[in-house]
Each structure stands twice: as structure tokens, then as C-alpha cells.
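Peer 1: Build me a structure from this.
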Amino acid sequence: MAQIIQLGQPPIDVTVKYSSRARRISLRISGVDGRVSLTVPRFAKNSDAQSFLRDKEGWIRKHLEQQPDQVLVQPGAFIPIEGVSYRIEVGSNRAVSLQTNCISVPPGLEKTGPRLRAFLKTLARDRLAEASGRYAAKLGRRYGKITLRDTRSRWGSCTCEGNLMYSWRLILAPPAVLDYVAVHECCHLVEMNHSKAFWDLVEGLMPDYNAPRRWLRKEGGALHRYQFDAP
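Peer 2: Got it, this is the predicted structure:
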């Protein structure tokens with residue numbers, strides 16, 4: 001069972017989880033939202049866990065300072081779409097529209113975030129359906145259905161039934177990154193593992209897959225900095 005404790009001043013919330021499987025105390029800072037988690041073996045003393053945290057406080061604060069700032073999606077803010085930065089501006093149209101240098105949203109500040117999220121999810125579905133269909137066809141396979149979610153632990157998945165799930169935030173990334181995730185999941189239609197055979201399939205469809213894969217590992221967490229709901 002997890003509990004939240006506070007560390008230092010100003011206080012940092014730390015989620016402490018006790019595990020019967022853990023063999024040592026371990027610390028993790030999420031690259032997505034900066035949440036600090038401490039995993040503690042059940043046999044460890046509370047004093048040992050607290051001492052461990054105190055020793056790591058400087059390291060924790062340094063890493064939290066490096067976390068990207070949150071961006072509230074509203075007029076005047078910038079948001080990437082397919083890797084290109086667009087300024088959000090209020091227009092006179094009744095629907096969201098993508099212009100050359102900006103993305104235009106209808107009047108109504110409180111609806112800006114939800115409207116933009118809906119627009120981006122529709123765009124993401126179109127792009128991901130096209131990419132999935134293209135790569136699945138090259139593999140001689142068919143997928144079941146596509147589901148979009150706002151997942152934080154993975155960018156995509158493939159079920160044994162051939163259904164594909166993607167994070168709609170992939171539409172914020174450069175096109176090659178979205179394509180890589182589609183390639184990755186479509187290859188699971190053939191190989192439900194990460195064996196050499198699987199990676200050979202990935203390379204066959206996208207010889208330069210390592211570049212977008214590295215981008216996703218390094219920059220992917222920042223795609224979650226864009227907040228579409230007012231605090």
C-alpha cells in the first residue's frame with residue numbers, strides 16, 4: 001500500500017510504495033509529470049527509507065528543476081502539431097482550423113483546451129489509421145480496431161486479437177515518430193515479442209527506425225507537458 005510523505009522545504013511529495021519483491025530501496029522520478037516514487041522492501045526500516053531520501057534530496061531537486069514547464073493550452077500559447085510549433089489564436093470560425101503559422105480556435109476561453117484536444121485526436125486517428133493500414137498491408141496482415149488513449153506508460157500496444165492502441169499525443173511529435181510507433185505495433189501483428197525476428201521486421205519497414213526511437217525516449221515525456229484542462 002502506497003503513502004505520500006513530504007521531503008524538505010519547500011516540500012516535495014514522495015509516493016512511498018512497500019514491495020515484497022523489492023530487494024533494495026529504489027528511487028524514480030517520472031519523466032512525464034515529475035512524480036517522485038520510492039520503492040521500499042517490506043523488511044526495510046522506515047528510518048532507512050527516510051535516511052535514503054534525505055541523502056538523495058539534492059539529486060531529486062536538481063532533476064525536478066530540469067523537468068519541462070507545464071503549458072496550459074490557451075490563446076497565446078504554442079503547441080507542436082506533427083513536430084511544428086503553432087501559436088494558438090482566437091478566430092471567428094466555429095471550428096478549430098490549422099493555418100500556416102497558427103491554429104485558430106473559436107471564441108470561448110474555457111472551451112479552448114477541450115476543442116483543441118478533440119481536433120488533435122481526430123487528426124491523430126486519421127494519421128495513425130493511414131500509417132497502420134499501410135504498414136500492416138506491407139506485412140500481409142490486418143489489424144482489428146484502433147483505440148486512442150492518453151497513456152503515460154506506453155505509446156502504443158497490440159493485443160493478441162490484433163487490436164491497436166495508440167497515444168493520441170503522438171500527433172504532437174514529428175511524423176517519423178508517429179510512423180515508428182505504427183511500424184512497431186504493426187510488427188507485433190506478426191511477432192508478439194521483442195525478439196530479433198521482431199526487430200528485423202521493424203528494420204525492414206523502417207531502416208532508420210533508431211532515430212525516431214531515440215527521439216521518443218529523449219523528448220517523448222515532454223509531450224505530456226501540454227495541459228488541455230484548466231487547473
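
Peer 1: distance between the longest helix seen in the chain and the chain's centre?
Peer 2: Ordering each helix of the chain by length in residues (DSSP state H) puts helix 112-139 first. Computed by C-alpha atoms, centre = their mean, to the nearest Å, the chain-centroid distance of helix 112-139 equals 15 Å.

Peer 1: Return the helix or strand in this protein with minimum mean pLDDT.
Peer 2: Lowest mean confidence among the helices and strands of the chain (mean pLDDT, DSSP states H and E): strand 3-7, at a mean of 83.

Peer 1: partners of it, with directions?
Peer 2: In the sheet, strand 3-7 lines up against strand 12-19 (antiparallel) (DSSP bridges).

Peer 1: can I get the CA coordinates of the strand it pairs with in CSV?
Peer 2: The C-alpha coordinates for strand 12-19 follow below in CSV (Å, rounded to 0.1, in the frame of the first residue of the first chain):
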residue,chain,number,x,y,z
ILE,A,12,8.4,17.6,-2.3
ASP,A,13,5.6,15.0,-2.4
VAL,A,14,7.1,11.4,-2.5
THR,A,15,5.0,8.4,-3.1
VAL,A,16,6.3,5.5,-0.9
LYS,A,17,5.4,2.0,-2.0
TYR,A,18,6.2,-1.1,0.0
SER,A,19,7.0,-4.2,-2.0
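
Peer 1: neighbouring contacts of it?
Peer 2: If you take C-beta atoms under 8 Å, 6 or more residues apart in numbering as the criterion, strand 12-19 is touched by 1-7, 35-42, 49, 53, 57, 60-61, 64. Bear in mind the C-beta positions are built from the backbone N, C-alpha and C, glycine included.

Peer 1: Helix, strand, or coil at the most centrally placed residue in the chain?
Peer 2: In the chain, the residue lying closest to the centroid (C-alpha atoms, centre = their mean) is residue 152, at 4.8 Å. Reduced to three states with DSSP: H, G, I helix; E, B strand; the rest coil, the structure at residue 152 is coil.

Peer 1: Pull out the buried members of the contacts of strand 12-19.
Peer 2: 7, 36, 38, 39, 40, 41, 49, 53, 60 (16 or more other C-beta atoms under 10 Å).

Peer 1: follow-up on the earlier one: if I read this right, the residue nearest to the centre of the chain contacts residue 224, doesn't it?
Peer 2: Yes: between residue 152 and residue 224 there is a contact under C-beta atoms under 8 Å: 6.5 Å.

Peer 1: buried ones in the helix or strand where residue 218 lies?
Peer 2: Following DSSP states H and E, one finds residue 218 within helix 210-219. For helix 210-219, burial by neighbour count (16+ other C-beta under 10 Å) applies to 212, 213, 215, 216.

Peer 1: One more: stretch 222-231?
Peer 2: Those would be 222, 223, 224, 225, 226, 228, for stretch 222-231 by 16+ other C-beta under 10 Å.

Peer 1: mind listing the strands for the protein?
Peer 2: For the chain, the strands defined by DSSP state E cover 3-7, 12-19, 26-29, 36-41, 71-72, 78-81, 84-90, 97-98, 102-105, 146-149, 156-158, 164-167, 226-227.

Peer 1: would you list the buried ones among the contacts of strand 12-19 in a markdown table and tack on distance to residue 132?
Peer 2: As requested, the buried ones among the contacts of strand 12-19 are exported to a markdown table (distance: C-beta to C-beta, whole Å):
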| residue | distance to residue 132 |
| --- | --- |
| 7 | 44 |
| 36 | 36 |
| 38 | 39 |
| 39 | 36 |
| 40 | 41 |
| 41 | 42 |
| 49 | 45 |
| 53 | 44 |
| 60 | 40 |
